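Participant: got a predicted model here, sequence first, then my questions.
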Amino acid sequence: MNFASKLVQMVKDRFVQHNLKSYSDKLREISALKLESWDDERLQSESLKLKNKAQSGTSLDDILVEAFAIAGEAASRVLGMRPFDVQYMAGTALHERNMVEMQTGEGKTLAAVMPAYLNALQGKGVHILTFNDYLAGRDAEWMGPVYRFLGLSVSYVKEGMSIEERQRAYAADITYVTAKEAGFDYLRDTIALKPEGIVHRPFHFAIVDEADSLLIDEARVPLVIAGEIASTSSDGSRMANLARELKLGEDYDFDENKRNVYLTDTGAEKAEQILRSGNLYETHNSHLLTSLNCALHAESLLKRDVDYMIRDGKLELIDLHTGRVAENRHWPDGLQAAVEAKEGMVSKSSGKILGTITLQHLLSLYPKFSGMTATAQDSAEEFDETYSLNVVQIPPNRPKIRIDHESRIFTHKEARLKALVKEIAEVHATKRPILIGTSSVEESDQLSEQLNKAGVPCHVLNAKNDEKEAEIISKAGELGAVTVSTNMAGRGVDIRLGGGDPQQAEQVAELGGLYVIGTHMNESARIDNQLRGRAGRQGDPGSSRFYVCLEDDLINRFGIEKAIPAAYRTKQQDEPLEASVFSKKMDHIQRVVMGQNFEMRKTLNKYSDMLEEQRRIHQEQREAVLYNDDTMSDTEKYVNLYHMDRLWSDHLAYVSYIRESIHLESLANRNPVDEFHNRIIHAFEQLPDKLEQETAKTLRKIKANGTEEQIDWEKEGLKAPSRTWTYLIQDQFIEKKANIFGL
């Protein structure tokens, strides 16, 4: 490390220490309370007193010290796990609504117990939002005895539970649940026709685990609840065939960052001739133009086994950030149908959308929430600007001794693959465990095939079985283990040296600990650091190295190959390039891309924020009807709710249609965001009059038929959907952006 780097690090360290001072002061107060001499009965009695204080209006800040000391002592007795000082500090920061950065293996699960216990004393419920169902169940079972010892109830929610089971789980003082499952339950609540069908109680406090993934990578992912409708015909096959006939560079082209595809004048003329449609850009042809754009996007920008895979005859999307199958996720309907048509599949309707909310807006419904992750500092500005969360870096309990080697940079993919296999084979011969993070299912399969040919057995993780995944990833630190995985596999699961066997752990430590290899540089430094952080937990030895290639998407996809001198772009060699020359360029590219993605998310928020504002107004009006016991009959209530839900669903369909084609407004030099806002505001303003008319019309009909006492809602054409299901939309960036790299 040179002098300049040391100076920067010193300044950072001093800043961190300054930020931690208030938490250190609280820690001293907690440590001063010696509770070891208390028997269990006294500990539980004092917990009950704190509960009574909290529910009588005493500020939680005033009882924090005693509550944390009691919770820590309970964890020591019940679990044999006494919290480290840094875990108390992290817990305090979580209570004070911060984004807490704790290194991998530093015990975030236990750190969350103290603030969860404190906030649950008010009796309003605390949600701990985990990364997947497996972790929700594991952590609830693991930490549950501490809460129960102190007189609080704890439960967890998982997919497949009944309404009654979910109601009981959310009624607990502390509930472990994934954000997606909590969100889907919220959406089901928004279409409940009776109060007893609602599972959530009012939101109170949430602690978000793996918060960088949820609050940034997946923040804009819309959660959707849909209802059954008759299938509709689609011209997907015709458009897929047309897309194959059009030629890149002649009939269509990409934007600067290869995110979107656009017809050229020549392509538009050719399409108009084939479709016999006349001018594609006239209003009555907007559906055709949108369908063709989706078909071109599917054909030229979405790649099988990179963006999606086909398994058991079903199209499954691959998460852009993790490289893993994204369970229950769809693209917007037009694009989903286009990809299915491209693959020769019969398009299955996603049904009529009844409700939708993004994860970001779901979290904003909590009066108070905080987050924890191993990688937050790189996105501190976004956490602050988007969520008003300050990043608090908690130092490790033991100093980090992991060695992060300089990246090896190759001119082409074949050279990198050859070097990877050679390096892995040589290290494997020493029995040192290796974890390799790849970018896609395709790359995982390719690398594992080459490793098998070289006589190196390996585990490959690119499926979606969380429990099996956790089991395999936990063994990645055993002697001789070689694990090929997408970057984030096993997130939330510690990799212990020797698989937890003390004798084997010593042998692995002598070999240098876990060796982490990244096969590419990600768009975000956070994701790179997540991978690096799998090694060197709690002061263990370990090392990491990234293998980068000038042909990688990070360079080519964003049109920033200008950052690499032409002499190196065209030259091919088996040996790595001089790293010191290129490492700074690669780091710069990554920082610029992170900045661009941040700006992109802010732009997309301008679309979703307006719809969310309308959704909240609609939901407030709906709840006023649902809970109206003074002035409406059950029949009036049902009819009103039915039409409210139908009109809102129609509004969502209109918004979705506008959203898929609004980027075309830029071709007419109009601002797509402004046009989008104008159209959906105008549509929303018409809903109250439509609701009043439809409700009055239905009630008059029912009264005229004399069926008010016993109404057959299906016969009246007013039956709610008999089946609903939930999924997530893989949102697309559909607004053309200028090249902001300035390279």
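Facilitator: Nice, thanks for sending it over.

Participant: return the helix or strand in this structure with minimum mean pLDDT.
Facilitator: helix 566-570 (a mean of 66; mean pLDDT, DSSP states H and E).

Participant: does anything pack onto the following helix or strand past it? Which helices or strands?
Facilitator: Sequence-wise, the next helix or strand downstream of helix 566-570 (DSSP states H and E) is helix 579-626. Other helices and strands packing on helix 579-626, by 3 or more CB pairs under 8 Å, 6 or more residues apart in numbering; DSSP states H and E, are strand 352-358, helix 359-363, helix 380-387, strand 408-410, helix 525-532, helix 553-556, helix 634-661, helix 672-685. All C-beta atoms are positioned from the backbone trio N, CA, C, and that covers glycine.

Participant: you'd agree His405 is up against Arg545?
Facilitator: Yes: using CB atoms under 8 Å, His405 is in contact with Arg545, at 4.2 Å.

Participant: now the residue nearest the centre of the chain: phi and psi?
Facilitator: Residue closest to the average C-alpha location in the chain (CA atoms, centre = their mean): Glu218, at 3.0 Å. Main-chain torsions, Glu218, degrees, to the nearest 10: phi -120, psi 10.

Participant: skip the chain neighbours and tell me the closest residue to it.
Facilitator: Excluding the flanking residues, the one nearest Glu218 by CB to CB, 6 or more residues apart in numbering is Leu359, at 5.7 Å.

Participant: where does the stretch 601-743 of the chain dip in pLDDT?
Facilitator: The stretch 601-743 of the chain contains residues with pLDDT under 70 at 663-669, 706-709, 730-743.

Participant: please apply the same query to the stretch 251-400 of the chain.
Facilitator: Low-confidence segments of the stretch 251-400 of the chain (pLDDT under 70): 256-259, 319-324, 326-328, 332-333, 347-350.

Participant: tell me how many other residues crowd the closest residue to His677 other than its chain neighbours.
Facilitator: Spatial nearest neighbour of His677, chain neighbours left out: Met610 (5.5 Å); criterion: CB to CB, 6+ apart. By other CB atoms under 10 Å, 17 other residues sit near Met610.

Participant: wait, which of the helices and strands packed on helix 579-626 is closest to Ser291?
Facilitator: helix 634-661 (9.3 Å; CB to CB).

Participant: so what's the nearest residue to Val261 once chain neighbours are set aside up against?
Facilitator: Once flanking residues are discounted, Val261 sits nearest to Leu296: 4.5 Å by CB to CB, 6+ apart. Neighbouring residues of Leu296 by CB atoms under 8 Å, 6 or more residues apart in numbering: Ala243, Leu246, Tyr252, Val261, Leu263.

Participant: what is the nearest of the residues you listed to Asp552?
Facilitator: For the contacts of Leu296, the nearest to Asp552 is Val261 (21.2 Å; CB to CB).

Participant: for Asp133, which non-adjacent residue is spatially closest?
Facilitator: Lys158 (4.5 Å).

Participant: look at that neighbour and give its secondary structure.
Facilitator: coil (DSSP: H, G, I helix; E, B strand; the rest coil).

Participant: residues near it, how many?
Facilitator: Look at Lys158: counted by other CB under 10 Å, it has 18 neighbours.

Participant: who's in contact with it?
Facilitator: Here Lys158 is in contact with Asp133, Ala136, Gly137, Val177, Glu181 (CB under 8 Å, 6+ apart).

Participant: hmm, 10 Å instead?
Facilitator: With contacts defined as CB atoms under 10 Å, 6 or more residues apart in numbering, Lys158 is in contact with 132-134, 136-137, 140, 165-166, 169, 176-178, 181.

Participant: how about Ile424?
Facilitator: Ile434, Ile436, Leu447, Gln450, Leu451, Ala454, Val456, Cys458, Val482, Val484, Tyr515, Ile517.

Participant: mind doing that once more with 6 Å?
Facilitator: By CB atoms under 6 Å, 6 or more residues apart in numbering, Ile424 lies in contact with Ile434.

Participant: quick check: pLDDT value at Ile424.
Facilitator: pLDDT, Ile424: 97.

Participant: what comes up buried for the helix or strand harbouring it?
Facilitator: Assigned by DSSP H and E, Ile424 falls within helix 413-428. Buried residues in helix 413-428, counted by 16 or more other CB atoms under 10 Å: Lys413, Ala415, Arg416, Leu417, Ala419, Leu420, Val421, Glu423, Ile424, Val427, His428.

Participant: point out the least confident one among the residues you listed.
Facilitator: Lys413 (91).

Participant: separation between that residue and Arg545?
Facilitator: 17 Å (CB to CB, to the nearest Å).

Participant: can you check Cys294 too?
Facilitator: Counting by CB to CB, the gap from Cys294 to Arg545 is 40 Å.

Participant: between those two, who's got more neighbours?
Facilitator: Cys294 (29 against 16).

Participant: element containing that one, please.
Facilitator: Assigned by DSSP H and E, Cys294 falls in helix 286-300.

Participant: now that helix: how far from the chain's centre is it?
Facilitator: From the chain centre to the centre of helix 286-300 is a distance of 27 Å (CA atoms, centre = their mean, to the nearest Å).

Participant: show me where the stretch 51-200 of the chain dips below the pLDDT cut-off.
Facilitator: For the stretch 51-200 of the chain, no stretch has pLDDT under 70.

Participant: can you give me the helices in it?
Facilitator: 60-79, 85-95, 108-111, 113-120, 133-149, 163-171, 179-189 (DSSP state H, counting those that start in this stretch).

Participant: just the ones of the contacts of Leu296 in helices?
Facilitator: Among those, the members found in helices (DSSP state H) are Ala243.

Participant: may I see the ChimeraX selection of the buried members of the contacts of Leu296?
Facilitator: A single ChimeraX command selects the buried members of these (16+ other CB under 10 Å):
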select :243,246,252,261,263
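
Participant: now the residue lying closest to Val177 once chain neighbours are set aside: how far from Thr726?
Facilitator: Leaving aside its sequence neighbours, Val177 sits nearest to Val157 (CB to CB, 6+ apart; 4.0 Å). Distance, Val157 to Thr726, using CB to CB: 13 Å.

Participant: burial measure for the residue nearest to Leu511 when sequence neighbours are not counted, as a count.
Facilitator: The shortest distance from Leu511 to any non-neighbouring residue, by CB to CB, 6+ apart, is to Arg432 (4.1 Å). Other residues lying near Arg432 total 21 when counted by other CB under 10 Å.

Participant: begin at 7, not 1, for the rest of this chat.
Facilitator: Yep, numbering from 7; the last one is Arg438 now.

Participant: now do the SS call for Arg438.
Facilitator: coil.

Participant: for it, give me phi and psi.
Facilitator: Reported as degrees, to the nearest 10, the phi and psi values for Arg438 are phi -70, psi 130.
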